[in-house]
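Asks: got a predicted model here, sequence first, then my questions.
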Amino acid sequence: MNILKLFSLFILTTILLGCETNKQKSIVLQGLAIGTSYKIEYYSSNDNPKIKKGIDSVIYSMNKSLSTYIPNSDIS
């Protein structure tokens, strides 16, 4: 029984110490589009500028197409 307790302690210690603690931080993107504001919050371990660029590209395309404030938009 003593060996079983020792083995259980070994397994528990291995599991607890083997878990990687990957600290994720909150990243917030916000701005103005389509006559209102937007805020996007996501969690990541690194701040990837490609994500911001991609989101900005989608919002710019939507704004260019759907904005009633831009005289040359698709719906104006």
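Replies: That came through fine.

Asks: please enumerate the strands of the protein.
Replies: Taking DSSP state E to define them, one finds strands in the chain at 25-33, 36-44.

Asks: those strands into TSV, with extra columns for distance to Ser73?
Replies: The way it works is simple: take the backbone N, C-alpha and C, and place the C-beta from them, glycine included. Compiled in TSV, the strands of the chain are given as follows (distance: least, CB to CB, whole Å):
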stretch	distance to Ser73
strand 25-33	12
strand 36-44	15
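
Asks: between those strands, which one is closest to Ser76.
Replies: Nearest to Ser76 among the strands of the chain is strand 25-33 (15.3 Å), distances taken as CB to CB.

Asks: now do the closest one, average pLDDT.
Replies: Average pLDDT, strand 25-33: 89.

Asks: contact partners of that strand?
Replies: Residues outside strand 25-33 that contact it (CB atoms under 8 Å, 6 or more residues apart in numbering): 37-45, 47, 51-52, 55-56, 59-60, 62-63, 67.

Asks: stretch 5-24 too?
Replies: Under CB under 8 Å, 6+ apart, the answer for stretch 5-24 is Tyr43, Ser44, Ser45.

Asks: if we can go back for a sec, filter the contacts of strand 25-33 down to the buried ones.
Replies: For these, burial is judged from neighbour counts taken by 16 or more other CB atoms under 10 Å, and it is met by Ile59, Asn63, Ser67.

Asks: do a quick rundown of the helices in this protein.
Replies: With helices called from DSSP state H, the chain shows them at 2-18, 49-66.
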